[in-house]
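Enquirer: Make a model of this:
(one chain, ligands or ions: 3)
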Amino acid sequence: MAAPTENKHDLTHVASLFDMRADLVHGHPYGSGHINDTYCAYYDQAGQRIRYIHQRLAENVFKEPVKLMENVGRVTDHAFNKLVEEGNPEAHRRTLTCIKSTEGKPYAVDKDGSVWRTYPFIERARTYDTITSTDQCVAAAKAFGEFQKLGADLGGEPLFETIPNFHNTKVRFQTLIEAIEKDEHNRAKDVAKEIEWFMARVDEGSKVVDMLEAGEIPVRVTHNDTKLNNVMLDDVTGEGICVIDLDTTMNGSAVYDFGDMVRTATSPAAEDEKDVSKVTMRMHMFDALVKGYLSSANAFLTDKERELLPFAGKLLTLECGTRFLADYLMGDVYFKIHRDGHNIDRTRTQIALVESIDQQMGEMEALVQKYSV
Ligand code: ADP
Ligand code: GN1
Ligand code: MG
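Expert: Ligands and ions are numbered 1, 2, ... in the order given. Predicted coordinates for the structure are as follows:
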C-alpha cells in the first residue's frame, strides 16, 4: 500500500526543530507503516543530496512518546556502540541512529505538541511488504534473531512498556469481545461470520501468556513488531542489515517475534489482499525462517521456546486478526486505512492464514524438530 502523496505536515517547521546542519529541499510521505506519519526528506549539505526520515509518532497509539523515545535512544546507542566496538565499518547503516533536536534530545515537539524523530535514511537497502524469496526469509529472520541477542546485554533498568499488554492475546480477545458488545458503528451485523470464527478460538489466546506468567518461558527484551517491512535488506547482498520500527521494543517473548515473521513472511499475498484464496503459509518459506532465526537465536533459546515456534506463527496471526477486527468495529481508530473495509480485508487474510497454518501444523512442528537435534 503506497503512502499518500500529500504532505499533511509542515516539514520546514519539522526541519527547524532538529540539528540538521543542512537545508531542506523537499520531502514526501514515505513507506507503508500502519502507525506513524513517515516522511522521506531530501537535504542539501554543501552541495550533496542527503536523505533523512522524519517521523511523527502516532499519539493515539503511543501515550508516552517521550518515554518511548528514551527506549529508542537507549537501544540505538547500545547497538551503535557495540557495532563500533566490533570494528564494523558500516555501524551507521546497521542500526537506526537518532539525529538530535536543537535542544540535544533524540526527539522534538512541534508547535502542535506532536513528537517527532529524525533518522538518517538507510541507503542501498529497502523493506518489502511481501516476500519474494526464501533468501529474504533467512535474512530477515537472522536479523531479528540478532536484534534479540543485542537486547540480552542491554543492561540497566527494564525498558518502558510503550503499549501495555501489547502481545497479551488474552487481553486482545477481551478487547475484541468488548468491541463486539459495544458495536458503536453498527458494523457487527456485516461481519457475523468473522466474529463467530474468532469466538470459536478464544481459548487459544492463553497459551503463551500463561507460560510466561508461570515462568515456563523467559521474558526477554524483544522487538515485538517483526513484520517483514520492519527490517531493511541490503540491495546488493540481500542481507538483513538494519532492524527498524523500534517503538515496541520492550519486554516480551522471543516466540512473539518469530510468530510475527511467520505471519508476514510466509504468504505470497499482501496483508490486505482481497482475494483470500491467494493467502497460504508456504512451507519452504517457514523452513527458511526457522533456518535464519535459529542461525542467530539457537544459542539462547530454551527447548520450550523452540517447541513453540510453529504455534507462535498461528498465535500472532490470530492476535493480529483480533486487532484488525476490533479496530473495524471501533470505527478504524488505530490502524491507518486507505479504503472502506480495509481493516476487514486485513482480518480476512489473517483468518485464511491461520487456517492454512492449522492444516500444516504437524509438518511445521516436525520441521522445527529437525533443526533442533
Ligand atoms: P510504522 O511504525 O508506521 O510502521 P516505520 O518506522 O516502520 O513506521 O517506518 C515506515 C517505513 O519507512 C518502513 O517500512 C521503511 O520502509 C521506511 N523507513 C523507516 N525508517 C527508515 C530509515 N531510517 N531509512 C530508510 N527507510 C526507513
Ligand atoms: C503495525 O507499525 P507497523 O505498521 O510496522 C502494528 C503491529 C501490527 C501491524 C500489522 C505499534 O505495525 O503491531 O502487527 O501493524 N504496530 C503497532 O500490520 O501497533
Ligand atoms: Mg513499521
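Enquirer: so who does Tyr94 touch?
Expert: If you look again at residue 94, you'll see it is Arg, not Tyr. Listed by C-beta atoms under 8 Å, 6 or more residues apart in numbering, the contact partners of Arg94 are 79, 83, 88, 241-242. To be clear about C-beta, it is placed using only N, CA and C from the backbone, and glycine gets the same treatment.
Enquirer: try Thr95
Expert: 76, 79-80, 83, 242-243.
Enquirer: With Pro310 instead?
Expert: 262, 286, 357, 361, 364-365, 367-368.
Enquirer: any idea how far Ser372 is from it?
Expert: 12 Å (C-beta to C-beta, to the nearest Å).
Enquirer: And for Arg348?
Expert: 34 Å.
Enquirer: Settle it for me: which of those two has more neighbours?
Expert: Comparing Arg348 with Ser372 by other C-beta atoms under 10 Å, the one with more neighbours is Arg348, at 24 against 14.
Enquirer: Give me the pLDDT value at the more buried one.
Expert: Arg348 is assigned a predicted lDDT (pLDDT) of 98.
Enquirer: what about the closest residue to it other than its chain neighbours, neighbour count?
Expert: Among residues not flanking Arg348 along the chain, Val276 sits closest, at 5.2 Å (C-beta to C-beta, 6 or more residues apart in numbering). By other C-beta under 10 Å, 17 other residues sit near Val276.
Enquirer: ditto for Gly113
Expert: Gly113 has 7 neighbours, counted by other C-beta under 10 Å.
Enquirer: Assign it to helix, strand or coil.
Expert: coil (DSSP: H, G, I helix; E, B strand; the rest coil).
Enquirer: So which residues of the stretch 101-250 of the chain form helices?
Expert: Listed in chain order, the helices of the stretch 101-250 of the chain (DSSP state H, counting those that start in this stretch) span 134-152, 169-182, 192-199, 207-213.
Enquirer: So which of these is nearest Phe300?
Expert: helix 134-152 (6.5 Å; C-beta to C-beta).
Enquirer: if you look at the closest one, does any of it touch ligand 1?
Expert: No - residues of helix 134-152 contacting ligand 1 under C-beta under 6 Å from any ligand atom: none, with a closest distance of 12.4 Å.
Enquirer: Is it correct that Glu70 falls within a strand?
Expert: No - Glu70 sits outside any strand when classified using three-state DSSP, being helix.
Enquirer: Please list all residues in contact with it.
Expert: Contacts of Glu70 by C-beta under 8 Å, 6+ apart are 106, 160.
Enquirer: tell me which element Gly27 falls in.
Expert: Following DSSP states H and E, one finds Gly27 within strand 23-29.
Enquirer: That strand: how far from the chain's middle?
Expert: 26 Å (C-alpha atoms, centre = their mean, to the nearest Å).
Enquirer: between the helix or strand following it and strand 23-29, how many degrees?
Expert: Heading C-terminal from strand 23-29, the first helix or strand you meet, by DSSP H and E, is strand 37-45. For strand 37-45 and strand 23-29, the angle between their directions (axes from the mean of the first three to the mean of the last three C-alpha atoms, to 10 degrees) works out to 160 degrees.
Enquirer: Among the contacts of Thr95, pick out the one closest to Lys182, please.
Expert: For the contacts of Thr95, the nearest to Lys182 is Val243 (36.6 Å; C-beta to C-beta).
Enquirer: Distance check, the closest one against ligand 2.
Expert: In this view, Val243 and ligand 2 are 12 Å apart by C-beta to the nearest ligand atom, to the nearest Å.
Enquirer: Provide the secondary structure category for Phe258.
Expert: At Phe258 the chain is in helix, as set by three-state DSSP.
Enquirer: how about it, what does it touch?
Expert: For Phe258, the contact set (C-beta under 8 Å, 6+ apart) comprises 141, 144, 226, 289, 293, 297, 309, 312-313.
Enquirer: before we move on, back to that, and the residue nearest to Arg348, what is it in contact with?
Expert: Contacts of Val276 (C-beta under 8 Å, 6+ apart): 269, 348-349, 351-352.
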